[in-house]
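A.B. asks: take this sequence and fold it.
(one chain, ligands or ions: 1)
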Amino acid sequence: MAEAYCKSYYAASANGTGQFSRLEGEVDCDVAIVAGGFTGIATAVELAERGVRVVVLEANRIGWGASGRNGGQVTGSLSGDKAMERQFRRKLGDEAADFVWRLRWRGHDIIKNRVAKYGISCDLKHGHMQAAYQPSHIGELEEMYRLACAHGMGDEVEMVYGADLHQYVGTDIYHAGIVNRRNMHLHSLNLCLGEAEAARSLGAQIFTDTPVTKIVHGDRPEVVTEKGRVRADKVLIAGNGYHHLAPGKLAGMLFPATLGIVATEQLPEDLARRVLPQDFAVYDTRFVLDYYRLTADRRLLFGSGTNYKGTQSRDIGAPMRPAIVKTFPQLSDVKIEFAWEGQDGITINRIPQLGNVTANVFYAQGYSGHGIATSHIIGEIMAAAITGDSRDFDVFASAWHWRLPVGRYLGNRALALGMWYFQKTEALR
Ligand SMILES: Cc1cc2nc3c(=O)[nH]c(=O)nc-3n(C[C@H](O)[C@H](O)[C@H](O)COP(=O)(O)OP(=O)(O)OC[C@H]3O[C@@H](n4cnc5c(N)ncnc54)[C@H](O)[C@@H]3O)c2cc1C
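C.D. replies: Okay, the predicted model is just below:
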């Protein structure tokens, strides 16, 4: 039985879409995609646009996982961009840095174009500020600013210091900030639902309430569900932090971390304007950071912290309230109306994992908290690889990944220990 959406702001304000049914019986197609989050749905749109017969099989509902629960911040960072540059050098030589730079912004174009092309209503807005939490973090932002200018983004970025920060965020806790007008924020569940409708309009068949129980490998693999099966030429596993398929091949590579997030009651217009005067999204420079933005109906959507053990919290809002009030003392009485959490797949080197289980069964996962733009980039790369152009896929597939020779439980604890160490050393940054 499918799980309902968690009680989030997103689920409460989701656009109604046509219903999807569960799979009962047998279906034949070119490509079967396991999971209906951004990775699965973005790949389905790309494939359907190329005329490929696609079937998507989602265990719960479209956007039920991280894709429908996140902070909605479309950042130009790929989480592991430095590690990617180092590793991709083996395949791309000196072009690796340019390859990663272009990739950083590719997801923005895909999302913007798709929203316009299919008329998806998802509150898309431009503008972010990354804020220096410590004076010692300012240099990193200035380096980022120089890099963006060197790549021709001078009219989209700006360094802001001192009292000028108040033009963007109503707090005194930051020391500087880099404004980025190319970055975006949006209602992520509505984006995912809109893309699913786009895929369906192009002929993709989408089934929900349909967990995949196993994949039978062969010349034409079979994807088996509780009440049906799909025969396909190729299969993509896109269940990220929520799936347990292909345990042999994928064991010890991906660790689901739990991220909590809250949405306040609606703020009066003048208060909302004092908190975020330009309606930009903000995140800080810490390794485990605070990130927030206003929703279309003027709630503060605030995320903070990551539980690398992957366990659920007893009281999601408890650590958020002090973080909100520290940032915005003017919100000390604000009510938290929604609190929820979700799981995202973390990779130890922070590079997304793309590869093959067998020649015709692919996987794509692991965006380490930066998955909105990245999942769309990966969707394009996977669709290209599945239809015969594997240049970018091969670059990712050549990356070396840590594989911990322990189960998920112990792996998550090892990850939590490593991250605890990072956070401690961060005080020295
Ligand atoms: C609280 C939170 C805040 C975040 N904030 C941001 C942010 O602001 N910006 C950003 O860029 N990223 C953010 N992220 C990360 C981003 O949301 C994810 O990286 C991205 O959505 C992953 O998409 P996905 O499709 O790969 O996985 P998911 O969206 O998690 O989808 C996986 C799907 O697989 C399905 N599934 C699992 N097993 C099976 C099976 N056997 N059969 C069929 N289906 C199956 C699940 O039901 C689920 O729907 C955040 C994540 C969380 C949790």
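
A.B. asks: how close does the closest residue to Asp209 other than its chain neighbours sit to the ligand?
C.D. replies: Take Asp209 and drop its neighbours on the chain: the residue closest to it by Cβ to Cβ, 6 or more residues apart in numbering is Ala2, 3.7 Å away. Backbone N, C-alpha and C define where each C-beta goes, glycine included. According to Cβ to the nearest ligand atom, to the nearest Å, Ala2 stands 8 Å off from the ligand.

A.B. asks: could you report the pLDDT at Ala2?
C.D. replies: Here the pLDDT value assigned to Ala2 is 78.

A.B. asks: quick one: residues contacting it.
C.D. replies: 22, 59-61, 64, 208-209 (Cβ atoms under 8 Å, 6 or more residues apart in numbering).

A.B. asks: now secondary structure too, for these, in CSV please.
C.D. replies: Converted to CSV, these look like this (DSSP: H, G, I helix; E, B strand; the rest coil):
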residue, secondary structure
Arg22, coil
Ala59, coil
Asn60, coil
Arg61, coil
Trp64, coil
Thr208, coil
Asp209, coil
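
A.B. asks: most neighbours of all those, which one?
C.D. replies: Greatest neighbour count in the contacts of Ala2, by other Cβ atoms under 10 Å, goes to Trp64: 25 neighbours.

A.B. asks: how about that one: what's its closest non-neighbour residue?
C.D. replies: Tyr5 (6.1 Å).

A.B. asks: quick one on the thing from earlier: which two from the contacts of Ala2 end up farthest apart in space?
C.D. replies: Arg22 and Trp64 (13.7 Å; Cβ to Cβ).

A.B. asks: touching, the residue nearest to Trp64 and Ser13? I think so.
C.D. replies: No - contact criterion Cβ atoms under 8 Å: Tyr5 and Ser13 do not qualify, at 11.2 Å.

A.B. asks: just the mean pLDDT for the helix or strand hosting Arg273, thanks.
C.D. replies: Using DSSP states H and E, the element containing Arg273 is helix 269-275. Averaging pLDDT along helix 269-275 gives 97.

A.B. asks: quick check, Phe393 in a helix?
C.D. replies: Yes - assessed with three-state DSSP, Phe393 lies in a helix.

A.B. asks: okay, now it: neighbour count?
C.D. replies: Phe393: 21 neighbours (other Cβ under 10 Å).

A.B. asks: need the contact list for the closest residue to it other than its chain neighbours.
C.D. replies: What sits nearest to Phe393 in space, not counting adjacent residues and going by Cβ to Cβ, 6+ apart, is Ala385, at 3.6 Å. Applying Cβ under 8 Å, 6+ apart, we find Ala385 in contact with 362, 392-393.

A.B. asks: show the pLDDT at Ala385.
C.D. replies: 98.

A.B. asks: try the one 3 residues further on
C.D. replies: Each residue has a pLDDT score; the one for Gly388 is 96.

A.B. asks: same deal with Tyr308?
C.D. replies: Note for Tyr308: predicted pLDDT of 62.

A.B. asks: for the ligand, what's the nearest residue on the stretch 251-400 of the chain?
C.D. replies: Gly371 (1.8 Å; Cβ to the nearest ligand atom).

A.B. asks: would you check that that residue makes contact with Asp344?
C.D. replies: Yes - if you go by Cβ under 8 Å, Gly371 and Asp344 touch, sitting 6.3 Å apart.

A.B. asks: now the common contact residues for those two.
C.D. replies: 66, 70, 240.

A.B. asks: which one of these has the most neighbours?
C.D. replies: Asn240 (28 neighbours).

A.B. asks: can you show me the helices along the stretch 251-400 of the chain?
C.D. replies: 269-275, 320-327, 371-386, 391-397 (DSSP state H, counting those that start in this stretch).

A.B. asks: ok, Ala359 to Val31 distance?
C.D. replies: 14 Å (Cβ to Cβ, to the nearest Å).

A.B. asks: compare those two (neighbour count), which wins?
C.D. replies: Neighbour count, other Cβ under 10 Å: between Ala359 and Val31, Val31 has more, with 26 against 10.

A.B. asks: wait, is the more buried one part of a strand?
C.D. replies: Yes - per three-state DSSP, Val31 lies within a strand segment.

A.B. asks: quick check: bridge partners of it?
C.D. replies: Following DSSP bridges, Val31 is listed with bridge partners Val54, Lys234.

A.B. asks: cool, Leu300 as well?
C.D. replies: Leu294.

A.B. asks: and the helices in the stretch 101-250 of the chain?
C.D. replies: Under DSSP H, counting those that start in this stretch, the stretch 101-250 of the chain gives helices at 138-150, 188-201, 247-250.

A.B. asks: among the ones you listed, which is the most enclosed?
C.D. replies: By mean neighbour count, with neighbours taken as mean count of other Cβ atoms under 10 Å, helix 188-201 ranks first of the helices of the stretch 101-250 of the chain at a mean of 24.
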